[in-house]
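Trainee: Dropping a prediction and its sequence here:
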There are 2 protein chains.
Amino acid sequence: MHVVMLLYPGFDQLDLTGPFEVMGRFPEMDIHLVWKNLDLVKDNLGLQLSPTKTFFDCPQADILFVPGGPGQLSLIQDQDVLDFLSKQAAGASWVTSVCTGSLVLAAAGLLSGYRATCHWLSINQLSLFGAIPVSERVVRDRNRVTGAGVTSGIDFALTFCAELFGEDRARRVQLAMEYDPAAPFHDGSPARADPHIVEAVREASKEFQKLREEVALSVSKKIKARQKL
Amino acid sequence: MHVVMLLYPGFDQLDLTGPFEVMGRFPEMDIHLVWKNLDLVKDNLGLQLSPTKTFFDCPQADILFVPGGPGQLSLIQDQDVLDFLSKQAAGASWVTSVCTGSLVLAAAGLLSGYRATCHWLSINQLSLFGAIPVSERVVRDRNRVTGAGVTSGIDFALTFCAELFGEDRARRVQLAMEYDPAAPFHDGSPARADPHIVEAVREASKEFQKLREEVALSVSKKIKARQKL
């Protein structure tokens, strides 16, 4: 079972390393980390990972996976990437993402008419691309499975692997990873966090989120213009 | 603030990438990934990360961090590594680990008389090196802070950063990472998991755990023999 995980400059590594940890524990999963070339890829906080395949020698994915992160802005404007994802998705059994990775899938036209989730700060942008935003931690609609922000990748992957390999095996992996989370604070989601914490995070990311929205809007307009031709 | 995180072949990447994600979001933290050389380091499931410093050009750590993983067996028999850790720890403000990383700290003599935690399958081995095993998710004793198995790294790092930078900032990071965990099953710890799940994980890891115990015992005997000289 080929799992194709997209790497890209400025991705958010935990979006990917969480699911990698879970999926890697199922011997059926042959995971490929894919980018345009084999140079090291640096995440938004500076962690450098090595791709194992390029767009050119990557096998057909059974499971396609796209992480999120600030680099997503460039990605949705990069036709080579969107083409690669569309082509892979056409032959994949599952098309999946974590965090703003769903915006990349959506910009590639892969979530039109699908319920999907995303990082809480960016989830509204899904509708620009015809997806139906759902504020849940893990959302499955037919063969699309999306996770919310960053850390949701662990919940996404355990849920997904339970679907593929049965609950018993997923439960064993959860125990082997000692995934008995004890978040020190109650501020993990905007619904539960104290308003002053939500406000502080919104304020700190305001400029970047404005840019993110502008780019999403501009890309979605181009897509719509192309569809009219 | 220099954070020195040890990389090594066969480490468990999520032990490190969880804390990296949290700590990397505090601009005060200058994180160095350190190994003997700058070659790519492969984790136990095949993820390849790039070190940023070697033992020879690594700055003095303010925070020393050691992840766990099956490679820990070789590490506790590697005097160069133990010497590097001892030397770094002597000048560090904080000495920390996740998962079986605490066994490495312990083998370097850095947890003697300290309360510490570890992955549930290996926690008993801490006492071979004079540490006091405590089955909690995050354990702090003076300037030693240890996390339990794999996924505990996120809880460890948020707790630790709240201590360093105040709760308010840690809560913002928790929200930015959307850390509102929704573990799909209740089997995250041996205390809460169904007995047949615990038994299955114990059985699957039996041989490796036997080896792990033998190595720990042999290394601890050598340390004691050296101390008597």
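Mentor: Everything's here; your move.
Trainee: Straight-line length of stretch A:92-100, end to end?
Mentor: Using Cα to Cα, to the nearest Å, the end-to-end distance of stretch A:92-100 comes to 20 Å.
Trainee: hmm, who's touching that stretch?
Mentor: A:4, A:12, A:15-16, A:18-19, A:60-69, A:72, A:89, A:104-105, A:110, A:116, A:118-119, A:122, A:143-150, A:152-153, A:156, A:160, A:212, B:178 (Cβ atoms under 8 Å, 6 or more residues apart in numbering or on different chains). Where C-beta positions appear, they are placed from N, C-alpha and C, glycine not excepted.
Trainee: So the helix or strand bottoming out on mean pLDDT in chain A, near chain B or not?
Mentor: Here the helix or strand of chain A ranked lowest by mean pLDDT, DSSP states H and E is helix A:206-228, holding a mean of 93. No - on the criterion Cβ under 8 Å from any Cβ of the partner chain, helix A:206-228 is out of touch with chain B, staying 11.5 Å away.
Trainee: In that helix, which residues are buried?
Mentor: A:Arg212, A:Val215, A:Ala216, A:Val219, A:Ser220, A:Ile223 (16 or more other Cβ atoms under 10 Å in any protein chain shown).
Trainee: Kindly report the same for stretch A:182-189.
Mentor: Quick answer for stretch A:182-189 (16+ other Cβ under 10 Å): A:Ala182, A:Ala183, A:Pro184, A:Phe185, A:Asp187, A:Gly188, A:Ser189.
Trainee: tell me the contacts of the first one?
Mentor: Going back to what we said before, that points to A:Ala182. B:Arg137, B:Val138, B:Ser152, B:Asp155.
Trainee: Now these in JSON lines, please, with extra columns for distance to chain A.
Mentor: What follows is those, written out as JSON lines (distance: Cβ to the nearest Cβ, whole Å):
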{"residue": "B:Arg137", "distance to chain A": "5"}
{"residue": "B:Val138", "distance to chain A": "8"}
{"residue": "B:Ser152", "distance to chain A": "6"}
{"residue": "B:Asp155", "distance to chain A": "5"}
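Trainee: Just among those residues, which is most surrounded?
Mentor: B:Ser152 (33 neighbours; other Cβ atoms under 10 Å in any protein chain shown).
Trainee: The nearest residue to that residue once chain neighbours are set aside and B:Glu203, how far apart?
Mentor: Nearest residue to B:Ser152 in three dimensions, chain neighbours excluded: B:Arg137, at 5.1 Å (Cβ to Cβ, 6 or more residues apart in numbering or on different chains). Distance, B:Arg137 to B:Glu203, using Cβ to Cβ, to the nearest Å: 24 Å.
Trainee: And the helices in chain A?
Mentor: A:13-23, A:72-75, A:79-91, A:101-107, A:152-165, A:167-176, A:195-204, A:206-228 (DSSP state H).
Trainee: and the nearest residue to A:Ala204 once chain neighbours are set aside, how far is that from B:Gln227?
Mentor: Distance criterion Cβ to Cβ, 6+ apart; nearest residue to A:Ala204, sequence neighbours excluded, is B:Arg172 at 7.3 Å. Counting by Cβ to Cβ, the separation of B:Arg172 from B:Gln227 is 46 Å.
Trainee: can you check A:Val104 too?
Mentor: Taken as Cβ to Cβ, the span from A:Val104 to B:Gln227 is 57 Å.
Trainee: So which elements touch the least confident helix or strand of chain A?
Mentor: Using 3 or more Cβ pairs under 8 Å, 6 or more residues apart in numbering or on different chains; DSSP states H and E, the elements in contact with helix A:206-228 are helix A:72-75, helix A:101-107.
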